[in-house]
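Q: Predicted coordinates and the sequence they were generated for:
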Amino acid sequence: MSAPPVVEVGPPRRRWLSVLAKASPSEVSAAWDRLEAPPAYQTLRAPEIGMVMVRGRMGGTGDAFNVGEMTVTRAAVRIEGGATGVGYVAGRDRRHAEIAAVVDAMMQSPDLRPAAEALVGPLEAAQRDRRETAARKAAATKVDFFTMVRTRGPAA
């Protein structure tokens, strides 16, 4: 059996990993349960809970500083076709990380990609709708300030 091709984490893969990580555990589980034929998979790294340091920059451009730590759960799996998937999610939900890893592997498999896209697509649409709703609510409260400058003429 030949080794599966190495898949780089480029923009398309980054997109679906982001969607899976940002979706709520209940959304991911519900989407997984709707899958007609989930693939068999082997666990390479059982879901593990750990901590990561979150870094930030003042104003987005200043010097980096440590904001604090956050809990992250990660998993790695290999599906029947040989594709390997990883899942990293915020929080302590092992099942969420495992499903994300399986879907990542499915997206790398030409045969399973349509089923995985059918799972990721609605999650992405729901996230986009939530962002647009939040943006509309924020725009409704926007206040434009302006300053009127008065100049004085020479003293008469």
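A: Noted; the coordinates are in hand.

Q: how close does the residue nearest the centre of the chain sit to residue 138?
A: Among the residues of the chain, the one closest to the centroid is residue 18, at 2.0 Å (C-alpha atoms, centre = their mean). Using C-beta to C-beta, to the nearest Å, residue 18 is found at 22 Å from residue 138. Placement of C-beta: from N, CA and C, glycine included.

Q: for residue 83, same thing?
A: 40 Å.

Q: neighbour-wise, which of these two wins?
A: A direct count of neighbours by other C-beta atoms under 10 Å for residue 83 and residue 138 places residue 83 higher, at 24 against 9.

Q: Quick check: that one touching residue 108?
A: Yes. Contact criterion C-beta atoms under 8 Å: residue 83 and residue 108 qualify, at 4.1 Å.

Q: Spatially nearest residue to residue 101, not counting backbone neighbours?
A: residue 87 (3.6 Å; C-beta to C-beta, 6 or more residues apart in numbering).

Q: my guess is the one you found is in a helix, correct?
A: No. Read with DSSP: H, G, I helix; E, B strand; the rest coil, residue 87 is strand and lies in no helix.

Q: Kindly state the beta-bridge partners for it.
A: Beta-bridge partners of residue 87, counted by DSSP bridges, are residue 75.
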